[in-house]
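Enquirer: what follows is a predicted protein model with its sequence.
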Amino acid sequence: MRANALARSEQTSFPFTTTEAVHAAHRWFADAKPSMTLAAWRDHLLALHLAGVRATDPRECTARTNVWNQAFCTGVAQAISGAHHG
């Protein structure tokens, strides 16, 4: 339960990271013939995101990576279930 509370806390600390990760997952599913595996896509866009927000502190990078991975999973679940319309 503590891990879930921490995850929610991190997500509220990095809302842009959360939003971008969900959108990244949706974009992978929108491509008829993805050129990367889902995991490679996730990691590639995470690296671009971290560079874009200039996250250089190791603790911030770890926190943003955790938020990204959780939100990306949410985006994948939405895409598979059809909960995302757009």
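Expert: Arrived safely. This one's a predicted model, so the numbers in the text were calculated from it and none came from an experiment. Residues are numbered from 1 along each chain as shown.

Enquirer: A83: which element?
Expert: Assigned by DSSP states H and E, A83 belongs to no helix or strand.

Enquirer: ok, now which ones touch the residue minimising distance to the centre of the chain?
Expert: For the chain, A21 is the residue whose C-alpha lies nearest the centre (C-alpha atoms, centre = their mean; 2.6 Å). Residues near A21 by C-beta atoms under 8 Å, 6 or more residues apart in numbering: 42, 45-46, 49, 67-72, 74-75. All C-beta atoms are positioned from the backbone trio N, CA, C, and that covers glycine.

Enquirer: again, only this time at 7 Å
Expert: By C-beta atoms under 7 Å, 6 or more residues apart in numbering, the contact set of A21 is 68, 71-72, 75.

Enquirer: backbone dihedrals for it, both of them.
Expert: When read as degrees, to the nearest 10, the backbone of A21 gives phi -70, psi -40.

Enquirer: leaving out the residues flanking it, which one is nearest to it?
Expert: In space, A21 comes closest to A71 once its chain neighbours are excluded; the distance is 3.7 Å by C-beta to C-beta, 6 or more residues apart in numbering.

Enquirer: helix, strand, or coil at that neighbour?
Expert: Secondary structure of A71, reduced to three states by DSSP: H, G, I helix; E, B strand; the rest coil: helix.

Enquirer: could you give the number of residues near it?
Expert: 23 (other C-beta atoms under 10 Å).

Enquirer: now pLDDT too, for the contacts of A21, in TSV please.
Expert: Output for the contacts of A21, formatted as TSV (pLDDT from 0 to 100):
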residue	pLDDT
W68	97
A71	96
F72	97
G75	96
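
Enquirer: quick check, the residue nearest to A21 in contact with F16.
Expert: No. The criterion here is C-beta atoms under 7 Å, and A71 misses it with F16 at 10.5 Å.

Enquirer: from the contacts of A21, which is closest to T62?
Expert: Closest approach between the contacts of A21 and T62, by C-beta to C-beta: W68, at 10.6 Å.

Enquirer: okay then, goodbye and thanks.
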